[in-house]
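Undergrad: need coordinates for the below:
(one chain, ligands or ions: 2)
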Amino acid sequence: MTERATPAAIKKASAILRRGGVVAFPTETVYGLGADGLDPAACARVFEMKGRPRFDPLILHESSPARARRLFARVPAAARRLMDAFWPGPLTIVLPKAARVPDIVTAGLKTVAVRVPANAQARALIKAAGRPVAAPSANRFGRLSPTTAAHVKKQLGGAPDMILDGGKTSVGVESTIVTFSGGRPVLLRPGGLPLEEIERLCGPAVPAAKAGKKPLAPGCLKKHYAPGARLKLVDRGAKVKTGRAFAYLAFDRKPAGKFAATAVLSQTGDLREAAANLFGALHRLELSGARVIYAERVPPHGLGRAIMDRLRRAAA
Ligand code: TXA
Ligand code: MG
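TA: Numbering: from 1, shown residues only. Ligands and ions are numbered 1, 2, ... in the order given. The predicted structure follows:
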């Protein structure tokens, strides 16, 4: 059932988590499909519900930076700087795991991915549950991530024991994932926290390939975040086909011509606003029944890096 994320509903959801159930809940990035992160059986249900391969590890969510740090075996100084600056927020940090983190969460890796969400309802839920909450994005494996409770319902139906509805998520793309190599940051997935902000505190990031981090984020498969229609990347102003079989995702202004549906990510060309609107727009264009969705390339800096990453995967 879907319930508005009131304090009473959050309490109920926390009780479901404590007895091994699965709850979809809002974070500032996308909706998560949460389970008790220390309970292997509960985590197994999350993998099943998503249709997600077991080799793809989950992120643990905590209610405070102090609690989050305890999920790691050790924390290098550079990682500590990022935690102090950006938690709570759309940043996931991957470091050697503490012994109590179950293998199913990390898919057998010696490292664990952890974050403290900025969304107050998410933190209230985790705090009331009293344990780390393992949560991948609440979509079927390989499909678009959900930024509203309705998106979750569309893909997962009645499978979760509860869906907490906290409205549209504010950031709209998944968290940025970083790890460290020789004290330097390594970007595993661009996301809601711009890389520039991380580099300002920790110096230039090492390209993941050079750091020998392979497989990177195992979930970052080439084809991912895919809508039901075929997605084609185009430059603004490029010549495209029009008509009922085609939809168009524009960055900052509506395209000329007739389409099954069009969407503009940000009228003012603001990359943050564009990121917040990205998955909602793709969900809508997918519903138009178009066979092909044209998606305009956006400037590849700041949040544009995360947007382009998702568009490239959807087009793969
Ligand atoms: O914003 C987010 O991060 C959302 C919300 C719900 O918090 N969660 C999310 O989870 O995007 P998910 O499961 O869809 O993506 C997590 C990514 C996967 O690509 C996974 O492979 C990677 O994190 N990951 C998890 N643990 C890892 C580890 N130990 N080393 C490298 N990558 C890891
Ligand atoms: Mg995901």
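
Undergrad: name the residues of this structure found near ligand 1, please.
TA: 27, 29-30, 32, 56-59, 92, 94, 106, 109, 111-113, 135-137, 174-175, 177, 188, 217-220 (CB under 6 Å from any ligand atom). For every residue, glycine as well, the C-beta is placed using N, CA and C.

Undergrad: if any of those are buried, put those into a PyMOL selection.
TA: Command for PyMOL, covering only those of those found buried under the criterion 16 or more other CB atoms under 10 Å:
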select buried, resi 27+29+30+32+56+57+58+59+92+94+106+109+111+112+113+135+136+137+174+175+177+188+217+219+220
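
Undergrad: so who does E273 touch?
TA: By CB atoms under 8 Å, 6 or more residues apart in numbering, the contact list for E273 reads L265, S266.

Undergrad: what about the residues of the chain next to ligand 1, which are in strands?
TA: Using DSSP state E, the members of those that fall in strands are G32, I59, T92, V94, T111, V112, A113, I177, L188.

Undergrad: Serialize these to CSV and add fields for pLDDT and distance to K12.
TA: Shown next, in CSV, are those (pLDDT from 0 to 100; distance: CB to CB, whole Å):
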residue, pLDDT, distance to K12
G32, 98, 17
I59, 98, 23
T92, 98, 27
V94, 98, 32
T111, 97, 33
V112, 98, 28
A113, 98, 27
I177, 97, 31
L188, 95, 35
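
Undergrad: check these and tell me the two furthest apart.
TA: G32 and T111 (19.7 Å; CB to CB).

Undergrad: how far away is the residue lying closest to A281 once chain neighbours are set aside from P96?
TA: Spatial nearest neighbour of A281, chain neighbours left out: A263 (3.8 Å); criterion: CB to CB, 6 or more residues apart in numbering. Going from A263 to P96 by CB to CB, to the nearest Å gives 42 Å.

Undergrad: which one of those two has more residues nearby?
TA: A263 (21 against 15; other CB atoms under 10 Å).

Undergrad: which SSE is that one in?
TA: Under the criterion of DSSP states H and E, A263 resides in strand 259-264.

Undergrad: so what pairs up with the residue nearest to A281 in the strands?
TA: L249 (DSSP bridges).

Undergrad: need the ones in strands among the residues of the chain next to ligand 1 in TSV with distance to A8, can you?
TA: Supplementary listing: those in TSV, determined by distance: CB to CB, whole Å:
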residue	distance to A8
G32	20
I59	27
T92	30
V94	35
T111	37
V112	32
A113	31
I177	34
L188	38
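
Undergrad: show me which of those is closest to R123.
TA: In terms of CB to CB, no member of those lies closer to R123 than G32, at 12.2 Å.

Undergrad: hey, C-alpha coordinates of the helix or strand R200 falls within in CSV?
TA: For R200, the host element (DSSP H and E) is helix 195-202. Extracted in CSV, the C-alpha atoms of helix 195-202 (Å, rounded to 0.1, in the frame of the first residue of the first chain):
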residue,chain,number,x,y,z
LEU,A,195,32.6,16.1,-9.0
GLU,A,196,33.9,19.7,-8.9
GLU,A,197,32.8,20.0,-5.3
ILE,A,198,34.7,16.8,-4.3
GLU,A,199,37.8,17.9,-6.2
ARG,A,200,37.8,21.2,-4.4
LEU,A,201,38.2,19.4,-1.1
CYS,A,202,40.3,16.4,-2.1
